[in-house]
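Engineer: predicted model and sequence below, questions to follow.
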Amino acid sequence: MTEEFFFQCPYCWEEISMILDKSVYTDSYIEDCEVCCNPIEIFYSSDGNNITSFSANSIEQ
(Lines give C-alpha, C1' and ligand atoms only; values in the text may rest on other atoms or scores of the structure.)
Protein backbone atom coordinates (compact mmCIF):
# COMPACT_ATOMS: atom_id res chain seq x y z
CA MET A 1 0.00 0.00 0.00
CA THR A 2 1.70 3.20 -1.18
CA GLU A 3 0.85 6.89 -1.19
CA GLU A 4 2.31 9.83 -3.09
CA PHE A 5 3.25 12.41 -0.46
CA PHE A 6 3.94 16.08 -1.34
CA PHE A 7 6.26 18.37 0.65
CA GLN A 8 8.69 21.27 0.21
CA CYS A 9 12.40 20.70 -0.25
CA PRO A 10 14.29 22.18 2.74
CA TYR A 11 16.91 23.60 0.35
CA CYS A 12 15.15 25.05 -2.71
CA TRP A 13 11.56 25.18 -1.29
CA GLU A 14 10.12 23.59 -4.44
CA GLU A 15 7.21 21.22 -3.95
CA ILE A 16 8.32 17.64 -4.61
CA SER A 17 6.76 14.27 -3.99
CA MET A 18 7.83 10.82 -2.89
CA ILE A 19 6.08 7.49 -2.87
CA LEU A 20 5.81 6.23 0.71
CA ASP A 21 5.02 2.64 1.65
CA LYS A 22 2.25 2.77 4.27
CA SER A 23 2.76 -0.90 5.16
CA VAL A 24 6.11 0.10 6.72
CA TYR A 25 5.28 1.57 10.12
CA THR A 26 8.48 3.62 10.57
CA ASP A 27 11.17 4.41 8.03
CA SER A 28 14.02 6.86 7.53
CA TYR A 29 16.38 7.29 4.62
CA ILE A 30 18.23 9.88 2.54
CA GLU A 31 17.04 10.82 -0.92
CA ASP A 32 18.13 13.61 -3.26
CA CYS A 33 15.72 16.41 -4.18
CA GLU A 34 14.48 15.88 -7.74
CA VAL A 35 14.84 19.65 -8.40
CA CYS A 36 18.10 20.81 -6.75
CA CYS A 37 19.73 17.39 -6.10
CA ASN A 38 20.62 18.14 -2.46
CA PRO A 39 20.31 15.25 0.02
CA ILE A 40 17.18 15.23 2.19
CA GLU A 41 16.77 13.15 5.32
CA ILE A 42 13.28 11.64 5.20
CA PHE A 43 11.50 10.23 8.24
CA TYR A 44 7.92 9.02 8.33
CA SER A 45 5.63 6.78 10.29
CA SER A 46 2.36 5.13 9.37
CA ASP A 47 -0.48 3.32 11.10
CA GLY A 48 -0.83 1.02 8.08
CA ASN A 49 -3.54 3.16 6.46
CA ASN A 50 -2.35 6.75 6.86
CA ILE A 51 0.92 8.64 7.15
CA THR A 52 0.89 9.76 10.81
CA SER A 53 4.11 11.80 10.84
CA PHE A 54 6.56 13.07 8.25
CA SER A 55 9.69 15.18 8.23
CA ALA A 56 12.10 16.22 5.49
CA ASN A 57 15.29 17.83 6.79
CA SER A 58 18.41 19.23 5.23
CA ILE A 59 21.66 17.45 5.93
CA GLU A 60 24.27 19.90 7.18
CA GLN A 61 27.67 19.25 5.71
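Structural biologist: It's in.
Engineer: got a list of contacts for stretch 45-61?
Structural biologist: Outside stretch 45-61, the residues that touch it by CB atoms under 8 Å, 6 or more residues apart in numbering are 1, 3, 5, 7-11, 20-27, 30, 38-44. C-beta here means a position set from N, CA and C on the backbone, and glycine is covered the same way.
Engineer: which parts of this protein are helices?
Structural biologist: Applying DSSP state H to the chain gives no helices.
Engineer: and the strands in it, which stretches?
Structural biologist: For the chain, the strands defined by DSSP state E occupy 2-8, 15-21, 26-32, 39-46, 51-58.
Engineer: OK, contacts around the most centrally placed residue in the chain?
Structural biologist: When CA atoms, centre = their mean is applied to the chain, the residue found nearest the centroid is residue 42 (4.3 Å). With contact taken as CB under 8 Å, 6+ apart, residue 42 is in contact with 18, 27, 28, 29, 30, 31, 54, 55, 56.
Engineer: please identify which pair of those residues lies farthest apart.
Structural biologist: Farthest-apart pair in those is 30 and 54; separation 14.9 Å (CB to CB).
Engineer: so residue 32 touches residue 38, yeah?
Structural biologist: Yes: with contact defined as CB atoms under 8 Å, residue 32 counts as touching residue 38 (6.7 Å).
Engineer: how about the strands of the chain in CSV, adding mean pLDDT?
Structural biologist: Listed next are those as CSV, based on pLDDT from 0 to 100:
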stretch, mean pLDDT
strand 2-8, 95
strand 15-21, 95
strand 26-32, 96
strand 39-46, 97
strand 51-58, 96
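Engineer: highest average neighbour count across those?
Structural biologist: strand 39-46 (a mean of 18; mean count of other CB atoms under 10 Å).
Engineer: quick one: strands adjacent to it?
Structural biologist: If you go by DSSP bridges, strand 39-46 pairs up with strand 26-32 (antiparallel), strand 51-58 (antiparallel).
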